[in-house]
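Asks: Sharing a sequence plus its predicted fold:
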Amino acid sequence: MVKTALDSFKRPPCAELLGWRLLDAKPDEGWIKLVFEGRPEFCNPAGYIQGGMLSAMLDDTMGPAVLVMSEGRLYTTTISMTVNFLSPAKPGPIIGEARVTQLGKTIAFVEAKLMAEDGTVLATASASERLLEAARVVGKV
């Protein structure tokens, strides 16, 4: 697997909860591929992963894409995110991919999708992300 800036960062509690795991990345292209654990505890009464959990997975795919592209220099906070739910998500592995479409000085634009193991697209998102210098964020913790 390719080495990324994520190798030197501790996963936050939300990533642990979602079962976040890096599969692949192309830092120079701002592309990242992850897998999440779609747990039964994330399901709605119909037995599918609740939309808010899928939104969290999308958000937790797009931020790391920026971190990887910026070689660990930039964190993000989401300004706005538009999510489209395309197919019900069953419990099990959920693959996430994100791509930075534009990395500016203060704002990044990112797109992401979630897929089932069979390649079915479950949800897509696009987001505007405010950029924060990692050194400043870490210094405040």
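Replies: Everything's here; your move.

Asks: C-alpha from now on. contacts and neighbour counts both.
Replies: Will do.

Asks: Quick one: low-confidence residue ranges for the chain.
Replies: Within the chain, the segments meeting pLDDT under 70 span 1, 136-141.

Asks: quick check: longest helix of this protein.
Replies: When every helix of the chain is counted residue by residue (DSSP state H), the longest turns out to be helix 51-69.

Asks: how much space is there between the spatially most central residue of the chain and residue 46?
Replies: Centrality entry for the chain: nearest residue to the mean C-alpha point is residue 61, 0.9 Å, by Cα atoms, centre = their mean. Per Cα to Cα, to the nearest Å, residue 61 is found 25 Å from residue 46.

Asks: Which stretches in this protein count as strands?
Replies: Secondary structure of the chain (DSSP state E): strands located at 21-26, 31-38, 74-85, 92-103, 107-115, 121-133.

Asks: so which of those comes closest to residue 3?
Replies: strand 21-26 (8.3 Å; Cα to Cα).

Asks: how about that closest one: buried residues?
Replies: 21, 22, 24, 25, 26 (16 or more other Cα atoms under 10 Å).

Asks: swap in stretch 97-117?
Replies: Quick answer for stretch 97-117 (16+ other Cα under 10 Å): 97-101, 103, 107-116.

Asks: For it, C-alpha coordinates in PDB please.
Replies: Extracted C-alpha coordinates of stretch 97-117, given in PDB (Å, rounded to 0.1, in the frame of the first residue of the first chain):
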ATOM      1  CA  GLU A  97     -13.900   6.800  -2.500                       C
ATOM      2  CA  ALA A  98     -13.300  10.500  -2.600                       C
ATOM      3  CA  ARG A  99     -11.600  12.900  -4.900                       C
ATOM      4  CA  VAL A 100     -10.500  16.500  -4.300                       C
ATOM      5  CA  THR A 101     -11.900  18.400  -7.300                       C
ATOM      6  CA  GLN A 102     -10.300  21.700  -6.300                       C
ATOM      7  CA  LEU A 103      -7.900  22.600  -3.500                       C
ATOM      8  CA  GLY A 104      -7.800  26.400  -3.000                       C
ATOM      9  CA  LYS A 105      -6.100  28.500  -0.300                       C
ATOM     10  CA  THR A 106      -9.000  28.500   2.200                       C
ATOM     11  CA  ILE A 107     -11.600  26.200   0.600                       C
ATOM     12  CA  ALA A 108     -11.500  22.700  -1.000                       C
ATOM     13  CA  PHE A 109     -14.200  21.100  -3.100                       C
ATOM     14  CA  VAL A 110     -14.500  17.300  -2.800                       C
ATOM     15  CA  GLU A 111     -16.700  14.600  -4.200                       C
ATOM     16  CA  ALA A 112     -17.300  11.100  -2.700                       C
ATOM     17  CA  LYS A 113     -19.300   7.900  -3.200                       C
ATOM     18  CA  LEU A 114     -20.100   4.800  -1.100                       C
ATOM     19  CA  MET A 115     -20.400   1.400  -2.600                       C
ATOM     20  CA  ALA A 116     -21.500  -2.100  -1.600                       C
ATOM     21  CA  GLU A 117     -18.900  -4.900  -2.100                       C
END
